[in-house]
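Asker: give me the fold of what follows.
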Amino acid sequence: MAKAPQRGQRGRAALPTVNPHAAGIDIGGETHYVAVPADCDPEPVRTFAAFTGDLYRLADWLRACGVETVAMESTGVYWIPVFQVLEERGFEVKLVDARQLKRVPGRKSDVADCQWLQQLHSYGLLAGAFRPADEICVLRSYLRQRAMLVRGVGQHVQHMQKALVQMNVQLQYVLSDITGATGLRIIRAILEGERDPQRLAALRDPGCTHPATVIARALEGDWREEHLFALRQALTLVEAYEAQIAACDARIQAHLQTFPDQSAGQPLPRGKPRRADRHDLHFDATAELFRLTGVDLTRVKGLEAHTVLKVLSETGLDMTKWLSAKHFGSWLGLAPNNRVSGGKVLSRRTLPTANRAAAALRVAAQALHHSHSALGAFLRRKAAQRGMPKAITATAYKLARILYSMLLHGLPYVERGQDYYETAYQERVVKNLARRAQDLGYTLVKHDPPAPNPALGAA
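Answerer: Predicted coordinates for the structure are as follows:
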């Protein structure tokens with residue numbers, strides 16, 4: 001009598017094989033463990049070093065085993081060379097979220113990990129993470145490098161402020177930005193040996209808020225040599241970082257020129273000019289975005305050119321990757337995560353995410369607090385109802401849906417203003433009240449406010 005299969009074997013046999021030619025790779029810093037189907041090779045699990053030559057041998061072995069699709073876990077940045085080599089060789093590569101793989105206990109070795117990946121992928125149980133087209137990945141790398149340089153500038157500006165405070169030079173209280181035109185002129189004059197507060201204050205820009213007398217009082221300092229040395233080094237590093245940011249911007253502009261023109265020769269509709277920021281891109285990014293997308297995404301309140309470019313470098317230009325705007329918001333981690341059990345909503349809290357596009361949209365939403373636009377009115381209403389953190393997330397979600405619709409349909413954004421939004425919101429509230437009153441057997445009647453009494457007004 002044949003031996004009955006065990007419970008685990010019966011469960012595995014019941015699952016249909018969706019990807020018979022699938023492989024799994026457990027990514028490591030020094031070595032990669034690779035598993036293929038047992039009938040493809042006498043040694044179905046092999047180890048390859050992380051060197052480039054070994055990655056080519058890994059691809060050759062997978063091709064010899066008849067593998068067509070590969071699943072790997074996203075581990076730090078170690079997966080990137082493996083992903084690129086296998087994708088160049090024509091394999092279908094899926095980058096899998098680690099949270100999908102850690103729910104089954106009992107796998108305590110790298111060999112078991114790669115076999116578990118191969119097994120799940122052969123049954124079609126793994127969903128690949130989103131990865132945009134290669135040209136978008138290049139743009140994303142440039143923008144992430146630029147963001148790192150901007151953070152470096154901020155750190156060394158803080159070092160400059162620290163050196164000034166140690167010398168009791170209170171420049172940060174009389175200037176909004178010590179690295180602006182006035183601040184840099186004064187700091188360079190100090191490093192060149194000027195100590196007279198009146199002469200230093202005379203270097204102020206005519207548009208400064210504080211007069212020269214107040215600035216001169218802030219420039220009476222204790223000029224110790226060690227603090228001047230720290231100030232000089234911090235300024236040198238700030239200038240070096242800003243030079244690298246300019247070079248990075250030139251590379252970003254050159255790469256954007258390689259994208260096809262989607263504007264159909266239409267000119268960019270220019271809006272009201274805004275105040276320039278010291279960390280703005282060193283080229284007309286709004287015009288480049290219009291050429292890439294065919295619509296002016298910066299017409300949306302809160303979305304500057306740098307913010308839009310950062311979002312598109314993470315999402316790409318093809319919105320058909322997502323079924324709807326709600327799917328797009330869910331991928332960003334901005335849509336409510338409805339947990340329902342027994343017909344009862346347990347929670348709508350959004351899931352924690354490290355999505356850079358979502359972070360950029362949240363920053364854009366936060367800047368709408370004083371905006372006289374419909375989006376600004378929406379943010380303020382949500383803040384009054386649920387608090388500012390949830391209002392920022394809800395407004396960022398609305399910004400994401402607007403971007404999705406504009407990119408998918410190529411329609412321009414029309415700003416209707418906060419008055420239109422408030423009127424539409426009031427109409428919705430009245431409509432809901434009328435329906436609620438009708439359900440309870442009442443009729444909602446509108447009463448006009450009483451006319452003012454002229455006699456009371458005269459009194």
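Asker: return the set of buried residues in stretch 137-154.
Answerer: The neighbour-count check on stretch 137-154 (16 or more other C-beta atoms under 10 Å) flags 138-140, 142-143, 146-147, 149-150, 152-153 as buried. From N, CA and C alone the C-beta is placed, and that goes for glycine too.
Asker: which one of these is nearest residue 410?
Answerer: Checking these against residue 410 with C-beta to C-beta, the nearest one is residue 139 at 20.6 Å.
Asker: sorry, back to before: can you lay out the buried residues of stretch 137-154 as TSV showing distance to residue 360?
Answerer: As requested, the buried residues of stretch 137-154 are exported to TSV (distance: C-beta to C-beta, whole Å):
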residue	distance to residue 360
138	19
139	14
140	12
142	15
143	10
146	13
147	10
149	17
150	13
152	19
153	18
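Asker: so which of the residues you listed are in helices?
Answerer: The helices, defined by DSSP state H, take in 138-140, 142-143, 146-147, 149-150, 152-153 from the buried residues of stretch 137-154.
Asker: which single one of those is nearest to residue 254?
Answerer: Of these, the one sitting nearest to residue 254 (C-beta to C-beta) turns out to be residue 142, at 9.7 Å.
Asker: check what pLDDT the closest one gets.
Answerer: Residue 142 is assigned a predicted lDDT (pLDDT) of 96.
Asker: do the one 10 residues further on as well
Answerer: Residue 152 is assigned a pLDDT of 95 by the prediction.
Asker: so who does it touch?
Answerer: Residues in contact with residue 152, defined by C-beta atoms under 8 Å, 6 or more residues apart in numbering, are 237, 241.
Asker: and it, how far is that from residue 265?
Answerer: Noted for residue 152: a distance of 40 Å to residue 265, by C-beta to C-beta, to the nearest Å.
Asker: before we move on, what about residue 412?
Answerer: Separation of residue 412 from residue 265 (C-beta to C-beta) stands at 16 Å.
Asker: between the two, which one's more packed in?
Answerer: More crowded of residue 412 and residue 265, by other C-beta atoms under 10 Å: residue 412, with 11 against 6.
Asker: and for the residue lying closest to the more buried one once chain neighbours are set aside, the neighbour number?
Answerer: Spatially, and ignoring its direct neighbours in sequence, residue 412 is nearest to residue 295 (5.8 Å; C-beta to C-beta, 6 or more residues apart in numbering). Neighbours of residue 295 under the rule other C-beta under 10 Å: 23.
Asker: before we move on, what about residue 373?
Answerer: 18.
Asker: isn't it right up against residue 414?
Answerer: No. Between residue 373 and residue 414 there is no contact under C-beta atoms under 8 Å: 11.3 Å.
Asker: what about the nearest residue to residue 434 once chain neighbours are set aside, which SS state?
Answerer: The shortest distance from residue 434 to any non-neighbouring residue, by C-beta to C-beta, 6+ apart, is to residue 444 (4.4 Å). Look at residue 444: counting by DSSP: H, G, I helix; E, B strand; the rest coil, its state is coil.
Asker: likewise for residue 327?
Answerer: What three-state DSSP gives for residue 327 is helix.
Asker: how many neighbouring residues does it have?
Answerer: Burial of residue 327 is recorded as 13 neighbouring residues (other C-beta under 10 Å).
Asker: okay, now the unreliable bits of the protein?
Answerer: Applying pLDDT under 70 to the chain flags residues 1-14, 99-108, 270-278, 449, 451-459.
Asker: returning to that earlier point: which one of the ones in helices among the buried residues of stretch 137-154 sits closest to residue 315?
Answerer: residue 140 (9.7 Å).
Asker: could you pull out the helices for the stretch 1-150 of the chain?
Answerer: For the stretch 1-150 of the chain, the helices defined by DSSP state H, counting those that start in this stretch occupy 7-14, 52-64, 79-88, 110-122, 134-166.
Asker: just those: most buried one?
Answerer: Compared across the helices of the stretch 1-150 of the chain, helix 110-122 shows the largest average neighbour count, a mean of 21 (mean count of other C-beta atoms under 10 Å).
Asker: other SSEs contacting that one?
Answerer: Packed against helix 110-122 by the contact rule (3 or more C-beta pairs under 8 Å, 6 or more residues apart in numbering; DSSP states H and E) you find strand 22-26, strand 31-35, strand 45-49, strand 69-73.
Asker: so can I have TSV of those showing distance to residue 439 and mean neighbour count?
Answerer: Converted to TSV, those look like this (distance: least, C-beta to C-beta, whole Å; neighbours: other C-beta atoms under 10 Å):
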stretch	distance to residue 439	mean neighbour count
strand 22-26	56	27
strand 31-35	61	22
strand 45-49	65	17
strand 69-73	53	25
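Asker: for those strands, could you give me TSV that also reports distance to residue 86?
Answerer: Converted to TSV, the helices and strands packed on helix 110-122 look like this (distance: least, C-beta to C-beta, whole Å):
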stretch	distance to residue 86
strand 22-26	9
strand 31-35	11
strand 45-49	12
strand 69-73	6
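Asker: tell me the contacts of residue 245?
Answerer: Applying C-beta under 8 Å, 6+ apart, we find residue 245 in contact with 146, 149-150, 153, 279, 282.
Asker: if I look at it, how far off is residue 311?
Answerer: Residue 245 is 20 Å from residue 311, by C-beta to C-beta.
Asker: and if you look at residue 321?
Answerer: Applying C-beta to C-beta to residue 321 and residue 311 gives a distance of 14 Å.
Asker: name the helices or strands packed onto the host helix or strand of residue 401?
Answerer: Taking DSSP states H and E as the definition, one finds residue 401 inside helix 388-409. Secondary-structure packing of helix 388-409 (3+ C-beta pairs under 8 Å, 6+ apart): helix 325-332, helix 356-366, helix 374-386.
Asker: most tightly packed of those helices?
Answerer: Most buried of the helices and strands packed on helix 388-409 by mean neighbour count (mean count of other C-beta under 10 Å) is helix 356-366; its value is a mean of 21.
Asker: which residues touch that helix?
Answerer: Identification of contacts with helix 356-366 by C-beta under 8 Å, 6+ apart yields 144, 302-304, 307, 310-311, 314-315, 332-334, 375, 379, 392-393, 395-396, 399-400.
Asker: 6 Å - rerun?
Answerer: 302-303, 307, 310-311, 314-315, 332-334, 392, 395-396, 399-400 (C-beta atoms under 6 Å, 6 or more residues apart in numbering).
Asker: same question, stretch 86-94
Answerer: Stretch 86-94 is touched from outside by 59, 69-71, 83, 128, with contacts defined as C-beta under 6 Å, 6+ apart.
Asker: kindly report the same for stretch 248-264.
Answerer: The contact list for stretch 248-264, computed with C-beta under 6 Å, 6+ apart, reads 139, 142, 145-146, 281-283, 288, 290-294.
Asker: same thing with stretch 312-332?
Answerer: Contacts to stretch 312-332, defined as C-beta under 6 Å, 6+ apart, come from residues 132, 136, 139-140, 143, 335, 355-358, 397, 400-401, 404, 407-408.
Asker: looking at those residues, which one is closest to residue 183?
Answerer: Among the contacts of stretch 312-332, and counting by C-beta to C-beta, the member closest to residue 183 is residue 143, at 27.4 Å.
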